[in-house]
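> When you get a sec, could you give me coordinates for this:
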Amino acid sequence: MAGPTWQRAYAEAFGTNPEVRALYSGSKLAAVGVFESSGHTRSFAENLHFPVCDVAIDWSIPDIADALIDAWTDGAPELCLSRLPITERFARTLEWHAERRVPHVVTTAQHGDASISLRGGVAGIERRLSPMTRRDARTKEKRLTALGNVSFEALGVDAPVSDASLQEAFELEASGWKGREGSPISADPITKRFYESLFRYGAAHHEMALYVIKLDGRIVAFDLDTRNNGRIDLLKTGYDESLSKASPGNVLRWHILESEAQRGEIDTYHLGRPSDWKMRWATKVSDVGSLQLYSGARGRAIYLTTVAARTWVKEHLPTIIAKVRDFRGAPPPRPVTEIKAAVLHAPVLSLVPPAMVQVEPTLVEIEIEPPLESGYQLKPGLYDRDEDEQGTQVG
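Now for the predicted structure:
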């Protein structure tokens, strides 16, 4: 989760000037939130590197949620709390109290969060993962071991993270598909400085971890994660693509789960937005979303002219279009079946000379009178080739 360490590195690297809103109960610190303001909106300080929000709150203090909402919405007609685990107790408690404190509250699911439960130790993990996933990880480790000496290290947990190890991980990421697409950490000096600061500050509090698989002393797979509050959040990952048949990424994933389950300090390992490779490991997918609070007269006006207006248009636009068509005497839209037929035949039509194609008003048919010319023969494997999935799998 994104805690104080993340916020400090974020502010220094990206040059932001976040506002720290602290709430006290007497002389005791009760809650802290880090925000940015833009116009009439106050929101959590975050960007695309942000995992899931982490707000320090002492829930033992009576009426803390009500006091928190009043303090956060003070002077801000629109308060946007994004990257919240909206199905978990923290977000649901805030939503329940917000609905009783401000005129309008909107909860929006943004994306899923695939995670792996580590409860029950190694035996619990093995029960939850599919037999194929477990078997594949062990098979790939044997294949990797056949190439040399394989070792696993949890840097930042069992040993300090050295600058050399961090730079080696950045270089490994840049050597793969992210480097070819121009999106590795090292491609942007500001982003690189952010992750360097993140590890420098996080090392003192054991809030960051660099998990690596080494082959003969060389890093061939890594995970760069936040590690606090009983959870791990995956920020960046990479592997040596020349070793893809040995799947060093899958080998690393299994070692992370096994080692953390044995320590007993972590409950869940969060992989982030679901993808094919993540869903092979995930035992749960939760919703991550935003909570928007509109307070005061200005907040009500903003809500009515934005959220309410968009909702009204979405609900009534099809009816309005239909009435306009009827008024103008426009022909009705094409049947869905006709559109599907045209789309279905489109790839085939492109392979046949125009003179050989006859299109009926409501049905697409292909009639070929003479033998198909050699210039229009189907190419072998045209329709059964594998799609390029670079970047969607790790290891």
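
> for this structure, what spans make up the strands?
Counting by DSSP state E, the chain has these strands, from start to end: 19-25, 28-38, 41-44, 56-57, 78-84, 104-117, 150-155, 208-215, 218-228, 231-239, 268-272, 284-294, 357-359, 364-366.

> And the helices in the stretch 51-200 of the chain?
64-73, 89-98, 121-128, 131-145, 163-174, 177-181, 189-205 (DSSP state H, counting those that start in this stretch).

> which residues does Ser38 form a beta bridge with?
Thr41 (DSSP bridges).

> What is the neighbour count of it?
For Ser38, the neighbour count with other C-beta atoms under 10 Å is 9. Heads up, the C-betas are built off the backbone N, CA and C, glycines and all.

> Where does pLDDT dip in this structure?
1-4, 15-16, 54, 329-395 (pLDDT under 70).

> Report the central residue of it.
Geometric centre of the chain, nearest residue: Arg273, 3.2 Å, by C-alpha atoms, centre = their mean.

> Identify the residues contacting it.
His111, Gly112, Asp113, Ala114 (C-beta atoms under 8 Å, 6 or more residues apart in numbering).

> Among those residues, which one has the most neighbours?
Neighbour max across the contacts of Arg273 (other C-beta under 10 Å) = Asp113, 25 neighbours.

> which residues touch that one?
With the criterion set at C-beta under 8 Å, 6+ apart, Asp113 makes contact with Val52, Pro85, His270, Leu271, Gly272, Arg273, Pro274, Val285, Ser286, Asp287, Val288.

> What ranges does the stretch 251-395 of the chain have for its helices?
Under DSSP H, counting those that start in this stretch, the stretch 251-395 of the chain gives helices at 276-281, 296-303, 309-328, 336-349.

> Let me have those in TSV, adding mean neighbour count and distance to Phe199 as columns.
Output for these, formatted as TSV (neighbours: other C-beta atoms under 10 Å; distance: least, C-beta to C-beta, whole Å):
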stretch	mean neighbour count	distance to Phe199
helix 276-281	17	24
helix 296-303	16	39
helix 309-328	10	41
helix 336-349	12	50
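
> for these, which one sits closest to Glu95?
Closest to Glu95 of those, according to C-beta to C-beta: helix 296-303, at 15.7 Å.

> chain center to the closest one, what's the gap?
31 Å (C-alpha atoms, centre = their mean, to the nearest Å).

> And for stretch 188-200?
20 Å.

> Give me the residues contacting it.
By C-beta under 8 Å, 6+ apart, stretch 188-200 touches 5-6, 8-10, 12-14, 49, 156, 161, 163, 166, 170, 185-186, 208, 210, 224, 235-236.

> The same query, at a cut-off of 10 Å, please.
Stretch 188-200 is contacted from outside by 2, 5-6, 8-15, 47-49, 155-156, 160-163, 165-167, 169-170, 182-186, 207-210, 224, 226, 235-236, using C-beta atoms under 10 Å, 6 or more residues apart in numbering.

> Would you mark the buried spots in it?
Thr191, Lys192, Phe194, Tyr195, Glu196, Ser197, Leu198, Phe199, Arg200 (16 or more other C-beta atoms under 10 Å).

> Looking at those residues, which is nearest Pro77?
Using C-beta to C-beta, Phe194 comes nearest to Pro77 of the buried residues of stretch 188-200, at 30.7 Å.

> Quick check: the closest one vs Asn228, distance?
Applying C-beta to C-beta, to the nearest Å, the value for Phe194 to Asn228 is 18 Å.

> likewise Ser27?
Remark: distance between Ser27 and Asn228 (C-beta to C-beta) = 26 Å.

> and the two? which has more neighbours close in?
In this view Ser27 and Asn228 are compared by other C-beta under 10 Å, and Asn228 has more residues nearby, 23 against 5.

> Which residues does that one form beta bridges with?
Arg231.

> Tell me if I'm right that it and Gly156 touch.
No. Using C-beta atoms under 10 Å, Asn228 makes no contact with Gly156, being 11.2 Å away.

> Need the residues touching each of these two.
Gly202, His206, Glu207, Met208, Ala209.

> Now the fourth one: closest residue in space that isn't a chain neighbour?
Among residues not flanking Met208 along the chain, Gly202 sits closest, at 3.2 Å (C-beta to C-beta, 6 or more residues apart in numbering).

> ok, how many other residues are close to Ser247?
By other C-beta under 10 Å, neighbour count at Ser247 equals 23.

> any idea how far Arg138 is from it?
Counting by C-beta to C-beta, the gap from Ser247 to Arg138 is 11 Å.

> now swap in Ile64 and tell me
Ile64 is 48 Å from Arg138, by C-beta to C-beta.

> Please identify which of these two sits among more neighbours.
Ranked by neighbour count (other C-beta under 10 Å), Ile64 and Arg138 place Ile64 first, with 18 against 13.

> Measure how buried the closest residue to that one other than its chain neighbours is and give me the count.
Distances taken as C-beta to C-beta, 6+ apart put Ala30 closest to Ile64, at 5.8 Å, once the chain neighbours are dropped. Residue neighbour count, defined by other C-beta under 10 Å, stands at 19 for Ala30.

> got a list of what Ala30 touches?
With C-beta under 10 Å, 6+ apart, Ala30 has these contacts: 22-24, 56-61, 64, 67-68, 71.
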